[in-house]
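Participant: what would the 3D arrangement of this be:
(2 chains)
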Amino acid sequence: MHEDSVITYRQNPRTAGRVVDGLAFVVTPDDNKLHTLNGTGALIWQLAENGCTLDEIVSAITSRYSVEPERARQDAETFATDLLRRRILETP
Amino acid sequence: MVPWVERSLRIADVEILLRSNRAELLDAFFAPLKGYESPGAPPEIIQQYVVASGFRPFLPAEREYPGYNFRPEVDADGKAGASARYLFSRRDSGGTIEVPDAPSEPVVGTFEGRGARSVLEATLRISLCMALLRNGGLMLHSAGAAAASDEEARVFTGQSGAGKSTLFGLLHGSGLFRHMLGDEMIVLRPDPGSPTAWRAHATPFGGERGPCARASAPLRAIYFLEKAPHHRAVPLQGPRVVPGILRNTLAYVGDRANAARALASATRLVKDVATYRLEFQKDEHVVSVLGLT
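Facilitator: Next up, the predicted model:
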């Protein structure tokens, strides 16, 4: 098990988001910015509504896309880190 | 005791009670307006503006917002209070806006600042923004006009310098438009009676050409302006138009509730109304690509 697998990612409760035709639009009110997430980013945003681990994100990616688990994990880590940096997601 | 002077007006079917300690400021505000004054009705906005000669901003223009500061009021624990209340400050004015969730209760703007018409207008825009978002509408940086042939409004959006006033002049000069709605700011509101379920309203917030008379029309289409050496209207589709609408929307967000309202209005608008990229040059033939019958 990877060390990051136990971290739970959640939507930042201060954000507002809406998913339309596979795109997620997320507003972070602290900086008044609109973020457009597609593909993996939108998938993670939706999973994070109820909280999700990295393993769950990887599982969702491999279920949706034809991609090797190791590559899916790299993508999941990259996207999750970016969404945390932008304060779209948060961890406990 | 402040000797209040009160006047009523109606913008985009939003009834507003405007109150100030200076009658001459209200006179100056209403002077260029045509058709916006109201005989009075239960207000959706109560806007109070005190001219304070010694006004000093009470919030620093500190963060990412250029020229002003806007934020929700928070209590000592850092949590939002029971009522939605926002603080606003800029160099020439400041105040609070209270936004009850229930649309039956008025938005209350309480401001003070310098005694200039433009400052009063700027504070009124903020309260109107909040009231519109609460009711599913929005205020779009745009020019607009309703065609004489189909009585439907075309709205042309873009940031400063995109050509809104230029296009407005071309449409006006063509003689094909019955109602000119404005060259700077148009209100878009849901309207079940319109074919697209949206209606475009003139506002008294004019750009280079000043405020237009009060008018409204069913909204036919939204065009994103782009200067070009030709005229062409390119249909836009799908949710990727949403950021364009939000980028050109006058919205003071500040918290999750307002962000959610702005997102909901923009996504619904894009779903309901045809959108185009209007590539145009400065001549009257631009009307030939606007689908006028």
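Participant: contacts and neighbour counts: CA atoms only from here.
Facilitator: Will do.
Participant: which parts of the longest strand along chain B are buried?
Facilitator: The residue-count maximum for a strand in chain B (DSSP state E) belongs to strand B:216-227. By 16 or more other Cα atoms under 10 Å in any protein chain shown, the buried positions in strand B:216-227 come out as B:216-226.
Participant: which helices and strands does the helix or strand just after that strand pack with?
Facilitator: As assigned by DSSP states H and E, the chain's next helix or strand after strand B:216-227 is strand B:232-236. Counting contacts by 3 or more Cα pairs under 8 Å, 6 or more residues apart in numbering or on different chains; DSSP states H and E, strand B:232-236 packs against strand B:274-280.
Participant: output the strand it packs on as PDB, restricted to C-alpha atoms.
Facilitator: Extracted in PDB, the C-alpha atoms of strand B:274-280 (Å, rounded to 0.1, in the frame of the first residue of the first chain):
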ATOM      1  CA  ALA B 274     -27.600  30.200 -28.700                       C
ATOM      2  CA  THR B 275     -24.100  31.500 -28.400                       C
ATOM      3  CA  TYR B 276     -21.700  32.700 -31.200                       C
ATOM      4  CA  ARG B 277     -18.300  34.100 -31.700                       C
ATOM      5  CA  LEU B 278     -18.900  37.300 -33.700                       C
ATOM      6  CA  GLU B 279     -15.900  38.200 -35.800                       C
ATOM      7  CA  PHE B 280     -16.600  41.700 -37.100                       C
END
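Participant: how about the helices of chain A, start to end?
Facilitator: Per DSSP state H, chain A carries helices over the ranges A:39-47, A:54-64, A:69-85.
Participant: and residue B:132, which of those is closest to it?
Facilitator: Residue B:132 sits nearest to helix A:39-47 of all the helices of chain A, at 28.2 Å, using Cα to Cα.
Participant: for the most centrally placed residue in chain A, give me its contacts.
Facilitator: Nearest to the geometric centre of chain A sits residue A:44, at 2.8 Å (Cα atoms, centre = their mean). Listed by Cα atoms under 8 Å, 6 or more residues apart in numbering or on different chains, the contact set of residue A:44 reads A:57, A:80.
Participant: do the same with residue B:18
Facilitator: Contacts of residue B:18 (Cα under 8 Å, 6+ apart): B:6-9, B:46-49.
Participant: now the buried members of the residues you listed.
Facilitator: Looks like the contacts of residue B:18 have B:7-9, B:46-49 buried, using 16+ other Cα under 10 Å.
Participant: close to chain B: what parts of chain A are there?
Facilitator: Along chain A, the residues adjacent to chain B under the rule Cα under 8 Å from any Cα of the partner chain are A:13-18, A:20-21, A:23, A:25, A:27-32, A:34, A:36.
Participant: now, the residues you listed that are in strands?
Facilitator: Checking the residues of chain A next to chain B against DSSP E, those in strands are A:16-18, A:20, A:23, A:25, A:27-28, A:34, A:36.
Participant: looking at those residues, state which has the most neighbours.
Facilitator: residue A:27 (26 neighbours; other Cα atoms under 10 Å in any protein chain shown).
Participant: that one is in contact with residue A:35, isn't it?
Facilitator: Yes. The criterion here is Cα atoms under 8 Å, and residue A:27 meets it with residue A:35 at 6.2 Å.
Participant: and the strands in the stretch 151-293 of chain B?
Facilitator: B:153-157, B:177-182, B:185-190, B:198-201, B:216-227, B:232-236, B:274-280 (DSSP state E, counting those that start in this stretch).
Participant: strand partners (parallel or antiparallel) of the fourth one?
Facilitator: By that I understand strand B:198-201. If you go by DSSP bridges, strand B:198-201 pairs up with strand B:185-190 (antiparallel), strand B:216-227 (antiparallel).
Participant: that concludes my questions; thank you for your assistance.
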